[in-house]
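J.: turn this into a structure:
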Amino acid sequence: MDLFAWALVALPAAAGLGGLLLRRRDHAAWLGVGAPAAALVCAVVAGFGNPVTAFTLADFGSVAVSAALDLSPTAVAVAIAGALVSTLVQLYSVAYLRDDPRYIPFAAQVNLFCAAMLLVVCADDLVFLLIGWEVMGACSYLLIAHYAKLPAAPGAAAKAFLVTRFGDVGFVLGVMALGVSAGTFRIGELGEVSSGVATASMLLILFGCVGKSAQFPLQVWLPPAMAGPTPVSALIHAATMVAAGAYVLTRLLPVWPADLLLVVAIVAAVSMVGAGLCAFAATDVKGVLAWSTISQVGFMFAAVAVAAADTALFHLLTHAAFKALLFLTAGVVIALAATDGSLATTRLRPRSSPLAFWSMTIGLAAMVGLPPLGGFFSKEAVLGAAYEAGTPAGVVVFWAGIVASIVTAAYSARLWLLLFWRGGGEERLAVPRLEAVGLWTLAVGAAVTGALYFAGPLHVPELHLDLMALLLIATAGGLYVVADSWWRDRARDPNRLLGRSKGPLARGLYGEALTARATRTTARLASGAAMLLDERLVDRGAVEGSARATLAAARRTALGHRGGLVRYLRLSVAGTLLVAVVAIGVNLWV
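T.: From the prediction side, this is the model:
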């Protein structure tokens, strides 16, 4: 079983590195699809033994760093989801990027991303996990910038890299402080640490997780990242990249100070509701889905805020299925409609492509939380955990979750109407076979992941009939608001349904503008402080001050050489007497 555990990470890593050396497209395709598929098999096999394996990488005496893997049932479940999504994304990309001359490095980078993602999922050492964490961020930069000739792509990739690296500074500091204080970096062996160290280290780690998961206030990098290819969007959003922050927080819940969970609840509440409102006013298909990811990951953070680790992982798994389905279907719809994804032009009649229609419908229904799809059970579990917690954090995330459920239903209904209501012509459009395989597989996954509620490795709260009714009422309310607005405005401009394209919601509640202003202000203050330090301390203090002191010493030395012979003799006698007195005193003292 240990062999399968290491192969789970090693196979896609080797395929990624080896794939960079390939020259033939067919070889890259076989290796690209085969490596994550093999990792999927290894995850399934390793799940029967739940292996824990480790060997020491470095021993610093008081603390050691180990290459350690722990395939617990929950880690296996997340690894299977990540490997499956990676396999389907690679399969989809063979057809989607069939005319792309840079497909070979793309397939290799996806495999490296998959290996790093699986390392984050399975690592039992925080420093070892950090390796996968950073490689995953570097690969996301390369993948987002894949369309190098697209004007928005390089900037979007740079923004994603810089914002997540900004958060990672806190993550690294938090990991080091926690590991040194606990005497180990092994996650399974973390014991008691002082309250001050626990608070400081977990706040720093939370900051890194907020950056990686694009939660408030570091959410600004995710919507621009849609400039990357659609398969990349599916991989980043549906697999464990964006959800990595929530996943790591669930692993470290035993160390969290209880009072600190309210901070997580506030982050989750703002992200759930704020991102949902921004999705409401997005003007392109992938933009709606990007903001929806921030909101849905907020539900995972909400479960962490009430110390419900398995509930957070449950929503992570259901989200992986329906969000991968939505993004891959969005790629199909955009290609069939031959547009850039704008909601004003991306329209199809259901009869034009039944597969695209039903895939999008199932994905949106699962995200909304309609029974019996997986999203319904995972959202009910999150609200149930918040309801049972009975803490201030539980109250915050419960009511924020209800509001977010209303908003999710509204923006999902808006997207569905704008895509399929009175769309294009009646021409029958075919979906490439490899893309169709991915859509069918994920559609089934989005429908059946709710079964994990009843027969899976996760321990989630029992169903609450009153909460189920409340969730359905909230969903119905969101659907009704959009349906009523659509019915009233359908003859005018349906693209402005429930919002204007230049409003604050369409601009992400000015988050990017505020971030840019804060960045420029910080840069100006830092440069002003550096200039002041250079002018006052270095130039006037060290350089000019030393020059003035040297000149003063020179002048006094020159004055001392103008006294004549008598003065020189007096000084010589006085100096001799002084040296003699000091020498006698030292001798007597010794």
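J.: next, count neighbours for residue 151.
T.: Neighbour count of residue 151, defined by other CB atoms under 10 Å: 9. (Each C-beta comes from the backbone N, C-alpha and C, glycine too.)
J.: how much space is there between it and residue 227?
T.: Between residue 151 and residue 227 the computed distance is 9 Å (CB to CB, to the nearest Å).
J.: again with residue 210
T.: Counting by CB to CB, the gap from residue 210 to residue 227 is 22 Å.
J.: likewise residue 103?
T.: For residue 103, the distance to residue 227 - CB to CB - is 18 Å.
J.: so the two - more neighbours on which side?
T.: Taking other CB under 10 Å, residue 103 and residue 227 do not tie; residue 227 has more neighbours (23 against 19).
J.: that one touches residue 153, doesn't it?
T.: Yes: using CB atoms under 8 Å, residue 227 is in contact with residue 153, at 4.4 Å.
J.: shared neighbours, these two?
T.: 144, 147 (CB atoms under 8 Å, 6 or more residues apart in numbering).
J.: give me the contacts around stretch 257-273.
T.: Counting by CB under 8 Å, 6+ apart, 195, 198-199, 202-203, 206, 210, 215-216, 219, 249, 294-295, 297-299, 301-302, 304-307, 391-394, 396-397, 400-401, 403-404, 407 sit against stretch 257-273.
J.: what mean pLDDT does the helix or strand hosting residue 16 get?
T.: Using DSSP states H and E, the element containing residue 16 is helix 2-19. For helix 2-19, the mean per-residue pLDDT is 93.
J.: buried set for that helix?
T.: 4-16, 19 (16 or more other CB atoms under 10 Å).
J.: roughly how far out does the strand or helix carrying residue 322 sit from the chain middle?
T.: Using DSSP H and E, residue 322 falls within helix 309-337. How far helix 309-337 lies from its chain's middle: 15 Å, per CA atoms, centre = their mean, to the nearest Å.
J.: that helix: what's the following helix or strand?
T.: Next along from helix 309-337, by DSSP H and E: helix 354-368.
J.: which elements pack onto the next helix or strand along the chain from that next one?
T.: The C-terminal neighbour of helix 354-368 among helices and strands, as given by DSSP H and E, is helix 374-389. Contacts defined by 3 or more CB pairs under 8 Å, 6 or more residues apart in numbering; DSSP states H and E place helix 374-389 against helix 285-305, helix 309-337, helix 354-368, helix 392-420, helix 433-448, helix 465-489.
J.: nearest to residue 166, of these?
T.: Proximity to residue 166 (CB to CB) singles out helix 285-305 among these, at 17.0 Å.
J.: next, the angle from the closest one to helix 309-337.
T.: Helix 285-305 runs at 180 degrees relative to helix 309-337, counting by axes from the mean of the first three to the mean of the last three CA atoms, to 10 degrees.
J.: what's near enough to touch residue 152?
T.: Neighbours of residue 152 in contact, by CB under 8 Å, 6+ apart: 224, 227.
J.: mind checking how far it is from residue 457?
T.: Residue 152 sits at a distance of 41 Å from residue 457 (criterion: CB to CB).
J.: residue 20 now?
T.: 36 Å.
J.: beyond the lowest-mean-pLDDT helix or strand in the chain, next helix or strand please.
T.: Of all helical and strand segments in the chain, the minimum by mean pLDDT, DSSP states H and E falls on helix 511-532, at a mean of 71. Counting by DSSP H and E, the next helix or strand C-terminal to helix 511-532 is helix 544-560.
J.: what is that next one packed up against?
T.: Helix 544-560 packs on no helix or strand, going by 3+ CB pairs under 8 Å, 6+ apart.
J.: check which residues of the longest helix seen in the chain are buried.
T.: Ordering each helix of the chain by length in residues (DSSP state H) puts helix 152-182 first. By 16+ other CB under 10 Å, the buried positions in helix 152-182 come out as 153-154, 156-157, 159-161, 163-165, 167-168, 170-182.
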